[in-house]
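K.L.:
Generate a structure from the sequence data that follows.
(2 chains)
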Amino acid sequence: MKRRRFVLAALLAFLSASAHADDALLKEIAARVADSPVLRAEFSQTKTLAAMRKPFRIAGHFTYARDAGVLWQVASPYTVRYLIDARGTVEIGPDGQRKARTSREAAGAAQAGQIMQALLSADLAPLQSSFVLEPVRGADRWHVTLTPRKTEIARHLARITVAGTTAVEQVDIFEASGDHTEIRFTAIERDTRLNDAEAALFARPD
Amino acid sequence: MKALTRLILLSALALAGCASAPHEAGCTALAPSLRYCLQALPAGQALAVNQLVEFTLPDRPDGERLVFAIDAHAAHMQIVALTPLGQKVFRITADHGTLTWDGPPAAEALGLQLPALIQLMSWPVDAVREGLGQDAELSTTAHGRTIRQGDAPPVLTTRQSDTDPTRGTIDAVFAPMDARIRVTRLEE
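P.N.:
The predicted structure follows:
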């Protein structure tokens, strides 16, 4: 009986130490992905659909604004812009016309934006409430695997991996159906404020 | 989801009369006495394309957009609808006339009609004629297709930018609901 208690205590201590190590690494990653009020990047997204031969690709410009949300400006193979913020998702047409969209219509992009926001702000609590976070440190890169905690989410989403160096450079979304979405961020630059064009797009008419 | 609703509505209206028409596997009613039965691609032909589908309706003059990823060979056809940002909306599989739906349950009955509309616009002419049977007339030129029944106005009119309807752009009018549809193949 004493032996069993010892093994159990050792196991709990190991798991606790492992969790602390993960937390420390997550904090280190969040610190490396230094916060800035504005972050811009080019993005390319490849969606590989299960049992479909031709992948679907889009590319464009990504803007993260700490206080305003995330803007996805698709430039190829067509143009469309999506603003995702605390008030929801809006599609902005070429003429500036805005259409409210359900969060489901941009769920993948919203997830990528939320993950980036959590890492950039070093506020991992919202992510940790929905996902088990497993960070791994490589030679010069890190990656974090996010596994859904709730069964209802896991029915649709197998896992998400986020990878980078001093910024989030790649997000992979693996759906339970076998579909895979890869989003790569390049030409990443930080800024202290939005430019006028971006500010106009982020502005929400009351 | 409005886009999905609109597209489904479009398909539903395109296939008006479905409820009252005799139903058999793989066959869809286009009008009360006009139906289309899904056709296999000819041996050796396959299709794997991504298309941007834009459509307007009288009450939605601003239009909606979806991306259709289509993969077909022989009697097997898959259609995955995505939002322009790449979010999957639904998946339809047609296999030897048997249709399978993976998407919002409320949209299933109508969404399963989409393969017929896609085939009418872009499948080989002989296959479409076979699918229409004796009830309707399909006339074609290098620039498009017209499907009509007797002397009635066309049910569907398409104009295509390429002699191969799976390439370039198709502009279609579906008369029963005054719907305008533009299908543009997305190239790499």
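K.L.:
Stretch B:106-125: which residues count as buried?
P.N.:
B:107-108, B:110-123 (16 or more other CB atoms under 10 Å in any protein chain shown). Where C-beta positions appear, they are placed from N, C-alpha and C, glycine not excepted.
K.L.:
quick one: which of those is nearest to chain A?
P.N.:
For the buried residues of stretch B:106-125, the residue nearest chain A by CB to the nearest CB is B:A107; the value is 12.6 Å.
K.L.:
wait, is the closest one part of a strand?
P.N.:
No - B:A107 sits outside any strand when classified using DSSP: H, G, I helix; E, B strand; the rest coil, being helix.
K.L.:
Would you confirm that it contacts B:F90?
P.N.:
Yes - counting by CB atoms under 8 Å, B:A107 touches B:F90, with 6.7 Å between them.
K.L.:
Give me the distance between the two termini of stretch B:84-99.
P.N.:
Start and end residues of stretch B:84-99 are separated by 25 Å (CA to CA, to the nearest Å).
K.L.:
What ranges does the chain have for its strands?
P.N.:
In the absence of a named chain, chain A is used. Residue ranges of the strands in chain A, as given by DSSP state E, are A:38-48, A:56-65, A:69-76, A:80-85, A:88-92, A:98-101, A:131-137, A:142-148, A:157-164, A:168-175, A:180-191.
K.L.:
I was thinking of chain B, sorry if that wasn't clear
P.N.:
Counting by DSSP E, the strands of chain B are B:27-31, B:34-37, B:46-57, B:60-73, B:76-82, B:88-95, B:98-102, B:137-141, B:144-148, B:156-160, B:169-174, B:179-185.
K.L.:
partners of the last one in the sheet?
P.N.:
Just to be clear, that refers to strand B:179-185. When pairs are called by DSSP bridges, strand B:179-185 turns out to pair with strand B:46-57 (antiparallel), strand B:169-174 (antiparallel).
K.L.:
Near chain A, which residues of chain B? Just list them.
P.N.:
Applying CB under 8 Å from any CB of the partner chain, one finds that chain B approaches chain A through B:1-3, B:48-50, B:52, B:62, B:65, B:67, B:69, B:71, B:78, B:80, B:82-89, B:91, B:102, B:184, B:186-188.
K.L.:
which among those end up buried?
P.N.:
Neighbour counting over the residues of chain B next to chain A (16+ other CB under 10 Å) leaves B:3, B:49-50, B:52, B:65, B:67, B:69, B:71, B:78, B:80, B:82-89, B:91, B:184, B:186 as the buried ones.
K.L.:
What residues does chain A have near chain B?
P.N.:
Among all residues of chain A, those adjacent to chain B (criterion: CB under 8 Å from any CB) are A:45, A:47, A:49, A:51-54, A:56-58, A:72, A:74, A:77-78, A:80, A:82, A:91, A:93, A:97, A:99, A:101-102, A:104-109, A:175, A:177, A:179, A:181.
K.L.:
Of those residues, grab the buried ones for PyMOL.
P.N.:
Selecting the buried subset of those in PyMOL, with 16+ other CB under 10 Å as the burial test, is done by:
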select buried, chain A and resi 45+47+49+52+54+56+57+58+72+74+77+80+82+91+101+105+106+107+108+109+175+177+179+181
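K.L.:
Spell out for me which residue occupies the centre of chain B.
P.N.:
Compute the mean C-alpha point of chain B, and by CA atoms, centre = their mean the closest residue is B:L117, 1.9 Å away.
K.L.:
Which residues lie in contact with B:R159 in this structure?
P.N.:
For B:R159, the set of contacting residues under the criterion of CB atoms under 8 Å, 6 or more residues apart in numbering or on different chains consists of B:H143, B:G144, B:I170, B:D171, B:A172.
K.L.:
Can you add neighbour count and pLDDT and give those residues back as TSV?
P.N.:
As requested, those are exported to TSV (neighbours: other CB atoms under 10 Å in any protein chain shown; pLDDT from 0 to 100):
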residue	neighbour count	pLDDT
B:H143	11	94
B:G144	17	96
B:I170	23	97
B:D171	16	97
B:A172	22	95
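K.L.:
and which of the residues you listed is nearest B:P58?
P.N.:
For B:P58, the nearest member of the contacts of B:R159 is B:A172. The distance, counting by CB to CB, is 15.6 Å.
K.L.:
Test my guess that that closest one contacts B:D178.
P.N.:
No - with contact taken as CB under 8 Å, B:A172 and B:D178 are classed as non-touching, separated by 12.0 Å.
K.L.:
Where does pLDDT dip in chain A?
P.N.:
Counting by pLDDT under 70, the ranges of chain A that qualify are A:1-20, A:34, A:103-106, A:109, A:116, A:119-122, A:206.
K.L.:
which of the residues in stretch A:63-79 are buried?
P.N.:
By neighbour count on 16+ other CB under 10 Å, the buried set for stretch A:63-79 is A:T63, A:Y64, A:A65, A:A68, A:G69, A:V70, A:L71, A:W72, A:Q73, A:V74, A:P77.
K.L.:
now, the most widely separated pair of these?
P.N.:
Within the buried residues of stretch A:63-79, A:A68 and A:P77 form the most distant pair, 27.4 Å apart (CB to CB).
K.L.:
Fine by me, we can end here.
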